[in-house]
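Chemist: Test case, fold it:
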Amino acid sequence: MLDMIRPFVEEDRSLVKCELYVDEDLSGQCVGVCFAFSEKELFVHAEAVDDSILLSEELPASLSDGSIRRALAPVEWDSAIGCPILWAWTMTNTQGRLDGLQIEFGTVDHPSITLQIVVRASTLVLRTL
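Modeler: Sure thing, here's the model as predicted:
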């Protein structure tokens, strides 16, 4: 998973936009996140079979369902806009599955912000650290 993030770090791409994908059938719970960089996107979503976290540079079919719509990311995440990725970590649950991702954005002139995404019951829980 970190191998997919590495090019974004090495190319020093700044975050342009962050969008959520929410499922109306699940009371508007988040099921995907899109981190948009110049000329590239990184999608984060859950694998429904085992609740592991997945990354893709293409829009996953699971986020194209008719009940899913785009939404704004949390306001706290706005401070990551214009910043490159500094660090990324994965989290593994007690069953050995990758079920979380933390990404730290920042620059020398800008305080860093860490965004955490954890899978819970095939949805994504979003936190700002």
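Chemist: and the nearest residue to residue 107 once chain neighbours are set aside, backbone torsions?
Modeler: Leaving aside its chain neighbours, residue 107 sits nearest to residue 83 (5.4 Å; criterion: Cβ to Cβ, 6 or more residues apart in numbering). The way it works is simple: take the backbone N, C-alpha and C, and place the C-beta from them, glycine included. With angles defined as degrees, to the nearest 10, residue 83 sits at phi -110, psi 150.
Chemist: what do you get for residue 10?
Modeler: phi -60, psi -30.
Chemist: Roughly how far does it sit from residue 46?
Modeler: 27 Å (Cβ to Cβ, to the nearest Å).
Chemist: which residues sit in contact with the residue nearest to residue 107?
Modeler: By Cβ atoms under 8 Å, 6 or more residues apart in numbering, the contact set of residue 83 is 14-15, 105-107, 110, 112-113.
Chemist: And it, how far from residue 10?
Modeler: For residue 83, the distance to residue 10 (Cβ to Cβ) stands at 16 Å.
Chemist: if we can go back for a sec, PyMOL command for the buried members of the contacts of residue 83?
Modeler: Entered in PyMOL, the line below selects the buried ones among the contacts of residue 83, by 16 or more other Cβ atoms under 10 Å:
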select buried, resi 15+105+106+113
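Chemist: And the contacts of residue 83, which is the shakiest by pLDDT?
Modeler: Confidence by pLDDT is poorest for residue 110 among these, given 81.
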